[in-house]
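1. next input, structure requested:
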Amino acid sequence: MPRQTVAGRQPWKSARTATTERPPTNGAQSLIRTLVRTGVDVCFANPGTSEMHFVAALDSVPEMRGVLGLFEGAVTGAADGYARIAGKPAATLLHLGPGLGNGLANLHNARRAHTPVVNVVGDHATHHKKYDAPLESDIDPVAGSVSGWVRRSDRVAEVGADAAAAVAASMKAPGQVATLILPADASWDEGGQVAEPLPSRTPAAPGPQTVSSIADILRSGEPAALLIGGPACREPGLLATSRIANATGVRALVETFPARLERGAGLPAIERLRYLAEQAVRQLDGVKHLIVAGTRSPVSFFAYPGKPSDLVPEGAQVHTLADPSQDVVAALEALAEQVAADTLPTLAEPALPSLPSGPLTANNWAEVVGALLPAGAIISDEANTSGAALPAATVGAPRHDVLTLTGGAIGQGIPVATGAAIAAPDRPVVNLEADGSAMYTISSLWTQARENLDVTTVILNNSAYAVLRLEMLRVGADLSGPAAKTLLDLSSPDLNFAKIAEGMGVPASRATTCEELAEQLRRAFAEPGPHLIDAVVPPHL
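-> Okay, here's the model as predicted:
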(Lines give C-alpha, C1' and ligand atoms only; values in the text may rest on other atoms or scores of the structure.)
Protein backbone atom coordinates (compact mmCIF):
# COMPACT_ATOMS: atom_id res chain seq x y z
CA MET A 1 0.00 0.00 0.00
CA PRO A 2 1.49 3.41 -0.93
CA ARG A 3 2.36 5.72 1.92
CA GLN A 4 -0.25 8.41 2.51
CA THR A 5 0.18 11.89 3.91
CA VAL A 6 -2.31 14.59 4.77
CA ALA A 7 -2.48 17.40 2.22
CA GLY A 8 1.03 16.64 0.98
CA ARG A 9 2.66 17.49 4.29
CA GLN A 10 6.41 16.97 4.39
CA PRO A 11 8.54 16.06 7.38
CA TRP A 12 9.09 19.04 9.67
CA LYS A 13 12.07 21.26 9.05
CA SER A 14 12.58 24.00 11.60
CA ALA A 15 13.15 27.51 10.35
CA ARG A 16 15.80 28.04 13.05
CA THR A 17 16.06 31.72 12.31
CA ALA A 18 17.24 34.15 14.94
CA THR A 19 14.58 35.33 17.37
CA THR A 20 13.11 38.62 16.19
CA GLU A 21 14.44 41.42 18.33
CA ARG A 22 11.56 43.84 17.86
CA PRO A 23 9.44 44.29 20.99
CA PRO A 24 6.51 41.88 21.21
CA THR A 25 3.10 43.46 20.89
CA ASN A 26 1.14 41.19 23.17
CA GLY A 27 1.41 38.64 25.96
CA ALA A 28 1.10 35.64 23.65
CA GLN A 29 4.12 36.73 21.65
CA SER A 30 6.15 37.33 24.79
CA LEU A 31 5.18 33.86 26.02
CA ILE A 32 6.24 32.07 22.84
CA ARG A 33 9.45 34.04 22.43
CA THR A 34 10.39 33.37 26.04
CA LEU A 35 9.72 29.66 25.59
CA VAL A 36 11.96 29.58 22.52
CA ARG A 37 14.67 31.53 24.32
CA THR A 38 14.61 28.97 27.14
CA GLY A 39 14.94 26.06 24.69
CA VAL A 40 11.28 25.03 24.42
CA ASP A 41 10.60 24.99 20.68
CA VAL A 42 7.78 22.43 20.28
CA CYS A 43 4.19 23.00 21.39
CA PHE A 44 1.58 20.24 21.23
CA ALA A 45 -1.76 21.97 21.03
CA ASN A 46 -5.52 21.62 21.03
CA PRO A 47 -6.56 25.26 21.29
CA GLY A 48 -9.88 27.05 21.68
CA THR A 49 -11.15 30.63 21.63
CA SER A 50 -9.21 31.75 24.68
CA GLU A 51 -5.94 30.62 23.06
CA MET A 52 -6.38 32.23 19.63
CA HIS A 53 -3.77 34.94 20.20
CA PHE A 54 -1.23 32.24 21.08
CA VAL A 55 -2.11 30.50 17.80
CA ALA A 56 -1.77 33.74 15.84
CA ALA A 57 1.58 34.47 17.46
CA LEU A 58 3.08 31.27 16.04
CA ASP A 59 3.46 32.94 12.66
CA SER A 60 5.61 35.69 14.18
CA VAL A 61 7.88 33.18 15.96
CA PRO A 62 8.82 30.57 13.34
CA GLU A 63 11.26 28.88 15.73
CA MET A 64 8.30 27.40 17.63
CA ARG A 65 6.86 24.25 16.06
CA GLY A 66 3.14 23.85 16.65
CA VAL A 67 1.79 20.29 16.51
CA LEU A 68 -1.97 19.77 16.46
CA GLY A 69 -3.55 16.93 18.44
CA LEU A 70 -7.23 16.12 18.02
CA PHE A 71 -7.76 15.32 21.70
CA GLU A 72 -6.08 16.78 24.75
CA GLY A 73 -4.97 13.35 26.02
CA ALA A 74 -3.06 12.98 22.75
CA VAL A 75 -1.48 16.40 23.31
CA THR A 76 -0.31 15.74 26.86
CA GLY A 77 0.91 12.22 26.07
CA ALA A 78 2.93 13.52 23.13
CA ALA A 79 4.56 16.15 25.34
CA ASP A 80 5.50 13.36 27.76
CA GLY A 81 7.04 11.19 25.04
CA TYR A 82 8.90 14.13 23.52
CA ALA A 83 10.55 15.13 26.80
CA ARG A 84 11.51 11.57 27.75
CA ILE A 85 13.62 11.39 24.58
CA ALA A 86 14.65 15.03 24.10
CA GLY A 87 15.67 15.56 27.73
CA LYS A 88 13.91 18.92 27.75
CA PRO A 89 10.28 20.00 27.95
CA ALA A 90 7.78 20.60 25.23
CA ALA A 91 4.87 22.94 25.80
CA THR A 92 1.22 22.00 25.64
CA LEU A 93 -1.64 24.35 24.80
CA LEU A 94 -4.99 23.36 26.33
CA HIS A 95 -8.39 25.02 26.28
CA LEU A 96 -9.74 26.01 29.69
CA GLY A 97 -10.64 23.57 32.46
CA PRO A 98 -12.40 20.98 30.26
CA GLY A 99 -9.38 20.82 27.95
CA LEU A 100 -7.10 20.34 30.92
CA GLY A 101 -9.46 17.68 32.25
CA ASN A 102 -9.29 15.77 28.98
CA GLY A 103 -5.50 15.75 29.23
CA LEU A 104 -5.23 14.74 32.89
CA ALA A 105 -4.61 10.99 32.46
CA ASN A 106 -1.44 11.45 30.46
CA LEU A 107 -0.32 14.35 32.65
CA HIS A 108 -0.68 11.86 35.51
CA ASN A 109 1.63 9.47 33.64
CA ALA A 110 4.06 12.34 32.99
CA ARG A 111 4.03 13.21 36.69
CA ARG A 112 4.88 9.62 37.61
CA ALA A 113 7.64 9.60 34.98
CA HIS A 114 9.09 12.85 36.38
CA THR A 115 8.79 14.28 32.89
CA PRO A 116 9.37 18.01 32.41
CA VAL A 117 6.27 19.46 30.74
CA VAL A 118 5.29 23.13 30.40
CA ASN A 119 1.53 23.04 30.45
CA VAL A 120 -0.16 26.23 29.13
CA VAL A 121 -3.88 26.36 29.91
CA GLY A 122 -5.94 29.21 28.54
CA ASP A 123 -8.63 30.79 30.68
CA HIS A 124 -11.40 33.36 30.24
CA ALA A 125 -10.40 37.00 30.27
CA THR A 126 -10.16 38.25 33.85
CA HIS A 127 -13.13 40.63 33.49
CA HIS A 128 -15.28 37.83 32.03
CA LYS A 129 -14.85 35.25 34.79
CA LYS A 130 -17.45 36.82 37.09
CA TYR A 131 -20.20 36.00 34.59
CA ASP A 132 -19.78 32.23 35.08
CA ALA A 133 -19.85 31.48 31.35
CA PRO A 134 -20.61 27.89 30.28
CA LEU A 135 -16.92 26.90 30.08
CA GLU A 136 -15.98 28.56 33.36
CA SER A 137 -14.31 26.20 35.86
CA ASP A 138 -11.83 26.22 38.71
CA ILE A 139 -8.66 25.41 36.79
CA ASP A 140 -6.07 25.94 39.52
CA PRO A 141 -6.86 22.95 41.81
CA VAL A 142 -7.36 20.65 38.83
CA ALA A 143 -3.93 21.64 37.51
CA GLY A 144 -2.47 21.15 40.97
CA SER A 145 -3.49 17.50 41.01
CA VAL A 146 -0.88 16.66 38.36
CA SER A 147 1.52 19.60 38.53
CA GLY A 148 4.43 20.30 40.82
CA TRP A 149 4.18 24.01 39.99
CA VAL A 150 1.11 26.12 39.11
CA ARG A 151 0.92 29.83 38.42
CA ARG A 152 -1.76 32.13 37.02
CA SER A 153 -0.38 34.91 34.81
CA ASP A 154 -2.97 37.69 35.16
CA ARG A 155 -0.90 40.66 33.93
CA VAL A 156 0.59 40.92 30.46
CA ALA A 157 3.85 42.39 31.76
CA GLU A 158 4.43 39.25 33.83
CA VAL A 159 3.69 36.62 31.16
CA GLY A 160 7.26 36.33 29.87
CA ALA A 161 8.78 36.07 33.35
CA ASP A 162 6.14 33.52 34.35
CA ALA A 163 6.93 31.46 31.26
CA ALA A 164 10.63 31.42 32.12
CA ALA A 165 9.75 30.39 35.66
CA ALA A 166 7.54 27.58 34.34
CA VAL A 167 10.36 26.17 32.21
CA ALA A 168 12.79 26.31 35.13
CA ALA A 169 10.23 24.68 37.43
CA SER A 170 9.60 21.85 34.96
CA MET A 171 13.32 21.06 34.88
CA LYS A 172 13.75 21.03 38.64
CA ALA A 173 15.12 17.58 39.48
CA PRO A 174 13.77 15.03 38.95
CA GLY A 175 11.40 16.82 36.52
CA GLN A 176 7.75 17.75 36.84
CA VAL A 177 4.69 19.21 35.14
CA ALA A 178 4.59 23.00 35.42
CA THR A 179 1.25 24.59 34.57
CA LEU A 180 0.88 28.22 33.53
CA ILE A 181 -2.72 29.47 33.41
CA LEU A 182 -3.08 32.27 30.87
CA PRO A 183 -6.21 34.44 30.86
CA ALA A 184 -7.22 35.58 27.38
CA ASP A 185 -6.68 39.28 28.10
CA ALA A 186 -3.15 38.66 29.37
CA SER A 187 -2.59 37.00 26.01
CA TRP A 188 -4.06 39.73 23.80
CA ASP A 189 -3.03 42.85 25.76
CA GLU A 190 0.00 44.77 24.56
CA GLY A 191 3.07 45.25 26.70
CA GLY A 192 4.49 41.74 26.92
CA GLN A 193 8.19 41.36 27.68
CA VAL A 194 10.49 38.51 26.66
CA ALA A 195 12.28 37.03 29.67
CA GLU A 196 15.71 35.46 29.89
CA PRO A 197 16.16 31.81 30.94
CA LEU A 198 16.53 31.25 34.66
CA PRO A 199 19.66 29.45 35.89
CA SER A 200 19.41 25.68 35.80
CA ARG A 201 19.96 23.64 38.94
CA THR A 202 22.17 20.58 38.82
CA PRO A 203 20.91 17.81 41.09
CA ALA A 204 23.21 17.18 44.02
CA ALA A 205 24.82 13.83 44.64
CA PRO A 206 24.31 12.22 48.06
CA GLY A 207 27.08 12.81 50.56
CA PRO A 208 30.03 10.42 50.90
CA GLN A 209 28.74 9.23 54.28
CA THR A 210 25.56 7.93 52.63
CA VAL A 211 27.54 6.09 49.96
CA SER A 212 29.89 4.61 52.57
CA SER A 213 27.02 3.39 54.74
CA ILE A 214 25.46 1.60 51.76
CA ALA A 215 28.85 0.11 50.92
CA ASP A 216 29.08 -1.26 54.46
CA ILE A 217 25.68 -2.93 54.06
CA LEU A 218 26.79 -4.58 50.82
CA ARG A 219 30.00 -5.81 52.45
CA SER A 220 28.10 -7.28 55.40
CA GLY A 221 27.13 -10.40 53.47
CA GLU A 222 23.45 -10.10 54.43
CA PRO A 223 21.00 -10.66 51.54
CA ALA A 224 20.31 -7.35 49.79
CA ALA A 225 18.55 -6.00 46.71
CA LEU A 226 19.32 -2.83 44.77
CA LEU A 227 16.28 -1.25 43.08
CA ILE A 228 17.13 1.46 40.54
CA GLY A 229 14.95 3.96 38.68
CA GLY A 230 14.91 7.30 36.90
CA PRO A 231 18.17 8.27 35.13
CA ALA A 232 19.85 5.16 36.55
CA CYS A 233 18.01 3.18 33.86
CA ARG A 234 20.29 4.57 31.16
CA GLU A 235 23.75 3.30 30.21
CA PRO A 236 25.98 4.86 32.92
CA GLY A 237 23.64 3.85 35.73
CA LEU A 238 23.15 0.35 34.33
CA LEU A 239 26.90 -0.19 34.01
CA ALA A 240 27.53 0.91 37.60
CA THR A 241 24.66 -1.24 38.88
CA SER A 242 25.95 -4.32 37.08
CA ARG A 243 29.45 -3.80 38.51
CA ILE A 244 28.01 -3.49 42.03
CA ALA A 245 25.92 -6.65 41.59
CA ASN A 246 28.83 -8.64 40.19
CA ALA A 247 31.16 -7.61 43.02
CA THR A 248 28.79 -7.96 45.98
CA GLY A 249 26.07 -10.40 44.93
CA VAL A 250 23.34 -7.82 45.56
CA ARG A 251 20.14 -8.63 43.64
CA ALA A 252 19.80 -5.83 41.06
CA LEU A 253 16.33 -4.81 39.83
CA VAL A 254 14.88 -2.01 37.71
CA GLU A 255 11.66 -0.32 38.85
CA THR A 256 8.50 -1.82 37.37
CA PHE A 257 7.67 0.99 34.96
CA PRO A 258 10.75 3.08 34.12
CA ALA A 259 10.22 6.29 32.18
CA ARG A 260 13.08 5.43 29.83
CA LEU A 261 15.06 2.19 29.92
CA GLU A 262 18.04 1.57 27.67
CA ARG A 263 18.29 -2.09 26.61
CA GLY A 264 19.85 -4.45 24.11
CA ALA A 265 23.18 -5.92 23.11
CA GLY A 266 26.16 -4.29 24.80
CA LEU A 267 24.20 -3.16 27.86
CA PRO A 268 23.55 -4.89 31.19
CA ALA A 269 20.27 -6.80 31.15
CA ILE A 270 18.85 -6.05 34.58
CA GLU A 271 15.53 -7.63 35.46
CA ARG A 272 12.55 -5.39 36.11
CA LEU A 273 10.52 -5.69 39.30
CA ARG A 274 7.33 -7.49 38.29
CA TYR A 275 3.94 -5.83 38.04
CA LEU A 276 2.05 -8.59 39.83
CA ALA A 277 2.56 -8.18 43.57
CA GLU A 278 2.98 -11.91 44.24
CA GLN A 279 5.72 -12.11 41.61
CA ALA A 280 7.49 -9.04 43.03
CA VAL A 281 7.34 -10.59 46.50
CA ARG A 282 9.08 -13.69 45.15
CA GLN A 283 11.80 -11.53 43.56
CA LEU A 284 12.46 -9.87 46.92
CA ASP A 285 12.08 -13.01 49.01
CA GLY A 286 14.79 -13.41 51.64
CA VAL A 287 16.11 -9.87 51.30
CA LYS A 288 17.25 -8.25 54.56
CA HIS A 289 18.19 -4.91 53.01
CA LEU A 290 16.48 -3.09 50.13
CA ILE A 291 18.56 -0.24 48.69
CA VAL A 292 16.63 2.20 46.50
CA ALA A 293 18.36 4.50 44.02
CA GLY A 294 16.43 7.02 41.95
CA THR A 295 13.07 5.51 42.83
CA ARG A 296 10.88 4.72 45.83
CA SER A 297 10.28 1.67 47.95
CA PRO A 298 7.88 -0.60 46.03
CA VAL A 299 4.18 -1.04 46.77
CA SER A 300 1.51 -3.04 44.95
CA PHE A 301 -0.50 -1.23 42.29
CA PHE A 302 -3.76 -2.10 44.01
CA ALA A 303 -4.98 -3.52 47.29
CA TYR A 304 -5.95 -7.20 47.22
CA PRO A 305 -7.93 -9.11 49.85
CA GLY A 306 -5.60 -10.69 52.37
CA LYS A 307 -2.39 -9.45 50.71
CA PRO A 308 0.01 -6.72 51.90
CA SER A 309 0.33 -3.44 50.02
CA ASP A 310 3.99 -3.01 50.97
CA LEU A 311 6.17 -5.29 48.82
CA VAL A 312 9.22 -5.05 51.09
CA PRO A 313 9.68 -8.36 52.95
CA GLU A 314 8.68 -8.24 56.60
CA GLY A 315 11.67 -7.34 58.75
CA ALA A 316 13.75 -6.01 55.86
CA GLN A 317 15.27 -2.53 56.12
CA VAL A 318 14.94 0.05 53.35
CA HIS A 319 17.94 2.28 52.66
CA THR A 320 18.03 5.23 50.25
CA LEU A 321 21.22 5.65 48.24
CA ALA A 322 19.74 8.54 46.24
CA ASP A 323 16.20 9.84 46.13
CA PRO A 324 14.67 10.89 42.78
CA SER A 325 15.70 14.53 43.24
CA GLN A 326 19.38 13.62 43.63
CA ASP A 327 22.06 12.63 41.11
CA VAL A 328 21.48 8.89 41.19
CA VAL A 329 24.03 8.08 38.50
CA ALA A 330 26.81 9.84 40.42
CA ALA A 331 25.72 7.96 43.54
CA LEU A 332 25.85 4.57 41.82
CA GLU A 333 29.22 5.32 40.26
CA ALA A 334 30.61 6.40 43.63
CA LEU A 335 29.25 3.23 45.22
CA ALA A 336 30.77 1.12 42.44
CA GLU A 337 34.15 2.68 43.06
CA GLN A 338 33.96 1.67 46.71
CA VAL A 339 32.73 -1.91 46.35
CA ALA A 340 33.54 -2.85 42.73
CA ALA A 341 36.61 -0.88 41.69
CA ASP A 342 38.14 -3.80 39.77
CA THR A 343 34.88 -5.41 38.63
CA LEU A 344 33.50 -5.26 35.09
CA PRO A 345 29.80 -5.18 34.21
CA THR A 346 28.03 -8.07 32.50
CA LEU A 347 26.81 -7.06 29.05
CA ALA A 348 24.11 -8.70 26.97
CA GLU A 349 25.49 -10.47 23.91
CA PRO A 350 23.96 -9.86 20.47
CA ALA A 351 21.32 -12.56 20.07
CA LEU A 352 18.16 -12.49 18.02
CA PRO A 353 15.31 -14.95 18.47
CA SER A 354 14.56 -17.21 15.52
CA LEU A 355 11.56 -16.12 13.53
CA PRO A 356 8.62 -18.30 14.58
CA SER A 357 5.98 -19.57 12.22
CA GLY A 358 2.29 -20.30 12.29
CA PRO A 359 -0.61 -18.46 13.92
CA LEU A 360 0.20 -15.57 16.22
CA THR A 361 0.01 -16.27 19.94
CA ALA A 362 0.18 -14.07 23.01
CA ASN A 363 3.94 -14.77 23.14
CA ASN A 364 5.38 -15.46 19.69
CA TRP A 365 4.56 -12.03 18.26
CA ALA A 366 7.25 -10.67 20.59
CA GLU A 367 9.81 -13.02 19.02
CA VAL A 368 8.97 -11.55 15.61
CA VAL A 369 9.54 -8.04 16.93
CA GLY A 370 12.77 -9.08 18.67
CA ALA A 371 14.11 -10.68 15.50
CA LEU A 372 13.44 -7.62 13.33
CA LEU A 373 13.83 -4.64 15.71
CA PRO A 374 15.90 -1.93 13.99
CA ALA A 375 19.03 -0.51 15.60
CA GLY A 376 18.38 2.62 17.63
CA ALA A 377 14.64 1.98 17.89
CA ILE A 378 12.45 3.64 20.48
CA ILE A 379 9.74 1.30 21.82
CA SER A 380 6.62 2.84 23.28
CA ASP A 381 5.41 -0.18 25.25
CA GLU A 382 1.74 -0.37 26.14
CA ALA A 383 1.33 -4.04 25.22
CA ASN A 384 -0.02 -4.72 28.72
CA THR A 385 -0.98 -8.39 29.21
CA SER A 386 0.28 -9.32 25.74
CA GLY A 387 3.76 -8.01 26.48
CA ALA A 388 5.00 -10.61 28.99
CA ALA A 389 7.41 -12.19 26.49
CA LEU A 390 8.82 -8.92 25.14
CA PRO A 391 11.80 -8.41 27.52
CA ALA A 392 13.23 -11.87 26.83
CA ALA A 393 12.67 -11.51 23.09
CA THR A 394 14.55 -8.20 22.86
CA VAL A 395 17.37 -8.62 25.41
CA GLY A 396 19.97 -9.27 22.69
CA ALA A 397 18.43 -7.04 20.02
CA PRO A 398 20.27 -3.96 18.78
CA ARG A 399 20.36 -1.21 21.38
CA HIS A 400 17.06 0.54 21.89
CA ASP A 401 15.03 2.58 24.37
CA VAL A 402 11.81 1.46 26.05
CA LEU A 403 9.23 3.98 27.29
CA THR A 404 6.74 2.39 29.69
CA LEU A 405 3.38 3.15 31.26
CA THR A 406 4.71 4.92 34.34
CA GLY A 407 1.43 5.93 35.95
CA GLY A 408 -0.76 3.03 34.88
CA ALA A 409 -3.32 5.28 33.13
CA ILE A 410 -3.89 3.52 29.80
CA GLY A 411 -4.02 5.46 26.55
CA GLN A 412 -0.39 6.57 26.71
CA GLY A 413 1.27 4.45 24.02
CA ILE A 414 0.27 6.10 20.75
CA PRO A 415 0.70 9.71 21.96
CA VAL A 416 4.05 8.94 23.64
CA ALA A 417 5.26 7.36 20.39
CA THR A 418 4.14 10.48 18.53
CA GLY A 419 6.12 12.80 20.79
CA ALA A 420 9.17 10.54 20.75
CA ALA A 421 9.21 10.56 16.96
CA ILE A 422 9.21 14.36 16.91
CA ALA A 423 12.04 14.44 19.45
CA ALA A 424 14.15 11.94 17.46
CA PRO A 425 13.21 12.12 13.77
CA ASP A 426 16.28 10.06 12.82
CA ARG A 427 15.23 7.04 14.94
CA PRO A 428 12.52 4.46 14.19
CA VAL A 429 9.72 4.41 16.75
CA VAL A 430 7.82 1.19 17.43
CA ASN A 431 4.57 1.41 19.37
CA LEU A 432 3.43 -1.92 20.84
CA GLU A 433 -0.15 -1.23 21.79
CA ALA A 434 -2.97 -3.15 23.47
CA ASP A 435 -6.26 -2.85 21.64
CA GLY A 436 -8.30 -1.47 24.52
CA SER A 437 -5.65 1.11 25.41
CA ALA A 438 -5.33 2.17 21.78
CA MET A 439 -8.93 3.32 21.59
CA TYR A 440 -8.40 5.95 24.29
CA THR A 441 -6.14 8.10 22.11
CA ILE A 442 -6.44 6.56 18.63
CA SER A 443 -6.68 10.03 17.09
CA SER A 444 -2.91 10.40 17.61
CA LEU A 445 -2.56 8.40 14.39
CA TRP A 446 -3.88 11.42 12.51
CA THR A 447 -1.12 13.57 13.98
CA GLN A 448 1.45 10.98 12.93
CA ALA A 449 0.16 11.14 9.36
CA ARG A 450 -0.04 14.93 9.35
CA GLU A 451 3.55 15.26 10.61
CA ASN A 452 4.81 12.30 8.52
CA LEU A 453 6.35 10.62 11.56
CA ASP A 454 8.34 7.37 11.35
CA VAL A 455 6.18 5.36 13.77
CA THR A 456 5.20 1.73 13.34
CA THR A 457 2.23 0.83 15.53
CA VAL A 458 1.53 -2.83 16.26
CA ILE A 459 -1.91 -3.31 17.79
CA LEU A 460 -2.09 -6.45 19.94
CA ASN A 461 -5.70 -7.20 19.17
CA ASN A 462 -7.15 -9.79 21.54
CA SER A 463 -10.66 -8.27 21.55
CA ALA A 464 -10.68 -7.89 25.32
CA TYR A 465 -9.71 -5.79 28.30
CA ALA A 466 -7.52 -8.75 29.27
CA VAL A 467 -5.76 -6.88 32.07
CA LEU A 468 -9.13 -6.35 33.75
CA ARG A 469 -9.98 -10.03 33.43
CA LEU A 470 -6.73 -10.74 35.22
CA GLU A 471 -7.47 -8.20 37.92
CA MET A 472 -10.98 -9.57 38.49
CA LEU A 473 -9.48 -12.94 39.27
CA ARG A 474 -6.84 -11.44 41.55
CA VAL A 475 -9.32 -9.44 43.63
CA GLY A 476 -11.57 -12.48 43.95
CA ALA A 477 -14.48 -11.10 41.92
CA ASP A 478 -16.78 -13.44 39.99
CA LEU A 479 -16.22 -13.23 36.23
CA SER A 480 -18.67 -15.95 35.26
CA GLY A 481 -21.78 -13.80 34.83
CA PRO A 482 -22.77 -12.55 31.34
CA ALA A 483 -23.02 -8.91 32.44
CA ALA A 484 -19.48 -8.96 33.89
CA LYS A 485 -18.09 -10.66 30.78
CA THR A 486 -19.70 -8.07 28.52
CA LEU A 487 -17.98 -5.15 30.25
CA LEU A 488 -14.55 -6.70 29.62
CA ASP A 489 -15.16 -7.79 26.02
CA LEU A 490 -14.18 -5.71 22.95
CA SER A 491 -15.87 -7.86 20.31
CA SER A 492 -19.40 -7.50 18.97
CA PRO A 493 -18.59 -5.46 17.04
CA ASP A 494 -14.93 -6.26 16.42
CA LEU A 495 -12.61 -3.29 16.12
CA ASN A 496 -11.07 -2.96 12.66
CA PHE A 497 -7.88 -1.05 13.40
CA ALA A 498 -6.65 -1.22 9.82
CA LYS A 499 -9.68 0.69 8.58
CA ILE A 500 -9.50 3.15 11.47
CA ALA A 501 -5.85 3.89 10.66
CA GLU A 502 -6.46 4.24 6.93
CA GLY A 503 -9.26 6.68 7.69
CA MET A 504 -6.68 8.86 9.45
CA GLY A 505 -4.12 8.69 6.65
CA VAL A 506 -1.92 5.91 8.06
CA PRO A 507 -1.18 2.88 5.82
CA ALA A 508 -2.36 -0.25 7.58
CA SER A 509 -2.49 -4.03 7.32
CA ARG A 510 -3.69 -7.01 9.33
CA ALA A 511 -1.61 -9.97 10.50
CA THR A 512 -2.83 -13.31 11.85
CA THR A 513 0.37 -15.34 11.43
CA CYS A 514 4.03 -14.85 12.32
CA GLU A 515 4.91 -14.83 8.64
CA GLU A 516 2.44 -12.02 7.92
CA LEU A 517 3.63 -9.97 10.87
CA ALA A 518 7.28 -10.36 9.84
CA GLU A 519 6.60 -9.34 6.25
CA GLN A 520 4.52 -6.33 7.31
CA LEU A 521 7.11 -5.20 9.86
CA ARG A 522 9.89 -5.38 7.27
CA ARG A 523 7.86 -3.23 4.91
CA ALA A 524 6.95 -0.71 7.61
CA PHE A 525 10.55 -0.37 8.78
CA ALA A 526 11.76 0.09 5.18
CA GLU A 527 9.29 2.82 4.26
CA PRO A 528 9.29 6.31 5.78
CA GLY A 529 6.25 7.63 7.56
CA PRO A 530 3.70 6.01 9.87
CA HIS A 531 2.28 2.49 9.55
CA LEU A 532 -0.12 0.37 11.59
CA ILE A 533 -0.31 -3.42 11.84
CA ASP A 534 -3.41 -4.99 13.38
CA ALA A 535 -1.93 -8.16 14.91
CA VAL A 536 -4.65 -10.61 15.96
CA VAL A 537 -3.54 -12.50 19.06
CA PRO A 538 -5.46 -14.62 21.60
CA PRO A 539 -5.79 -13.26 25.15
CA HIS A 540 -3.91 -14.82 28.04
CA LEU A 541 -7.23 -15.27 29.84
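
2. test my guess that A389 contacts E367.
-> Yes: with contact defined as CB atoms under 8 Å, A389 and E367 form a contacting pair (7.2 Å). All C-beta spots, glycine's among them, are computed from the backbone N, C-alpha and C.

3. those two: which has the busier surroundings?
-> For A389 versus E367, neighbours defined as other CB atoms under 10 Å are more numerous around E367 (23 against 19).

4. check contacts around R522.
-> L372 (CB atoms under 8 Å, 6 or more residues apart in numbering).

5. helix, strand or coil: sort out it for me.
-> Put simply, R522 is helix when judged by DSSP: H, G, I helix; E, B strand; the rest coil.

6. state the pLDDT value of it.
-> Note on R522: pLDDT of 98.

7. swap in G419?
-> Listed pLDDT for G419 reads 98.

8. give me the neighbour count for it.
-> As a burial measure, G419 scores 35 neighbours (other CB under 10 Å).

9. may I have the residues that are in contact with it?
-> Going by CB under 8 Å, 6+ apart, the list of residues near G419 reads 44, 77-85, 90.

10. closest to P415 among those residues?
-> Nearest to P415 among those, counting by CB to CB, is G77 at 2.6 Å.

11. which strand or helix spans that closest one?
-> Using DSSP states H and E, G77 maps to helix 72-86.

12. was I right about A232 contacting V292?
-> No: A232 sits out of contact with V292 when judged by CB under 8 Å, with a separation of 10.2 Å.

13. okay, those two: which has more neighbours?
-> More neighbours surround A232 than the other of A232 and V292, with 28 against 23 (other CB under 10 Å).

14. and the more buried one, helix, strand or coil?
-> helix.

15. where does it land on pLDDT?
-> 98.

16. so how far is P89 from it?
-> 21 Å (CB to CB, to the nearest Å).

17. tell me where the stretch 51-200 of the chain has helices.
-> Secondary structure of the stretch 51-200 of the chain (DSSP state H, counting those that start in this stretch): helices at 52-57, 72-86, 96-102, 104-113, 139-144, 159-170, 184-188.

18. out of those, which one sits most buried?
-> Comparing these by mean neighbour count (mean count of other CB atoms under 10 Å), helix 72-86 ranks first with a mean of 30.

19. which other helices and strands contact it?
-> Here helix 72-86 touches strand 42-46, strand 90-95, helix 96-102, helix 104-113, strand 117-123, strand 400-403, helix 413-423, helix 444-451, going by 3 or more CB pairs under 8 Å, 6 or more residues apart in numbering; DSSP states H and E.

20. given the second one, what are its sheet partners and their directions?
-> Under the criterion DSSP bridges, strand 90-95 sits next to strand 42-46 (parallel), strand 117-123 (parallel) in its sheet.

21. rounded mean pLDDT for the shortest one, please.
-> Regarding strand 42-46, the rounded mean pLDDT is 98.

22. do you know which of the helices of the stretch 51-200 of the chain lies nearest V211?
-> Closest to V211 of the helices of the stretch 51-200 of the chain is helix 104-113 (CB to CB; 26.3 Å).

23. contact partners of that closest one?
-> Under the criterion CB under 8 Å, 6+ apart, residues 73, 76-77, 79-80, 83-84, 117, 119, 142, 145-148, 175-177, 257, 259, 405-409, 411-412, 415-416, 440-441 lie in contact with helix 104-113.
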